[in-house]
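*Asks:* Got a sequence here, can you build the structure:
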Amino acid sequence: MSNVEQEADNSKRNSEESDVVLKNQQMVACTSRRKQQIIQSRASMNQLLLCIQSQDDVPVASYSASNRELKYQSQRFRRNAKKSEDWTAAKKK
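*Replies:* As a prediction, the model looks like this:
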């Protein structure tokens, strides 16, 4: 084999090796990007779940009315229910 042929072989081999290395680097970069996307997606999901969970921890009363107003409505409901029971009992007599 002449020097020119050896040099051509070496050049071809180096080129093929470079192609393989480049493909490996691209695969690693693609995998890294995908892993990063998964990590970000999981982080976003965790933040969303924490937000939902923290909203569940808040009593419903705090959304709708003050404590005083809820007590008043509860008492009024009980009075009306008692009146209804009394009326039903009186009607049966």
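*Asks:* longest helix of the protein?
*Replies:* helix 3-56 (DSSP state H).
*Asks:* now it: how far from the chain's centre is it?
*Replies:* 24 Å (Cα atoms, centre = their mean, to the nearest Å).
*Asks:* what's the model's confidence in it, averaged?
*Replies:* Averaging pLDDT along helix 3-56 yields 84.
*Asks:* counting contacts, what elements does it pack onto?
*Replies:* Using 3 or more Cβ pairs under 8 Å, 6 or more residues apart in numbering; DSSP states H and E as the contact test, no helix or strand touches helix 3-56. For the C-beta atoms, the positions are set from N, CA and C on the backbone; glycine is no exception.
*Asks:* count of residues packed around Leu70?
*Replies:* 14 (other Cβ atoms under 10 Å).
*Asks:* Can you give me the domain assignment for this structure?
*Replies:* 1-57, 64-93 (automatic domain parsing).
*Asks:* Pick out the residue closest to the middle of the chain.
*Replies:* Taking Cα atoms, centre = their mean, the centroid of the chain lies closest to Met45, which sits 1.6 Å from it.
*Asks:* gap between that residue and Thr31?
*Replies:* 21 Å (Cβ to Cβ, to the nearest Å).
*Asks:* ok, now Gln40?
*Replies:* From Gln40 to Thr31 the distance is 15 Å (Cβ to Cβ).
*Asks:* I'd like the mean pLDDT over the strand or helix carrying Gln75, please.
*Replies:* Element membership of Gln75 [criterion: DSSP states H and E] is helix 67-92. The average pLDDT within helix 67-92 is 75.
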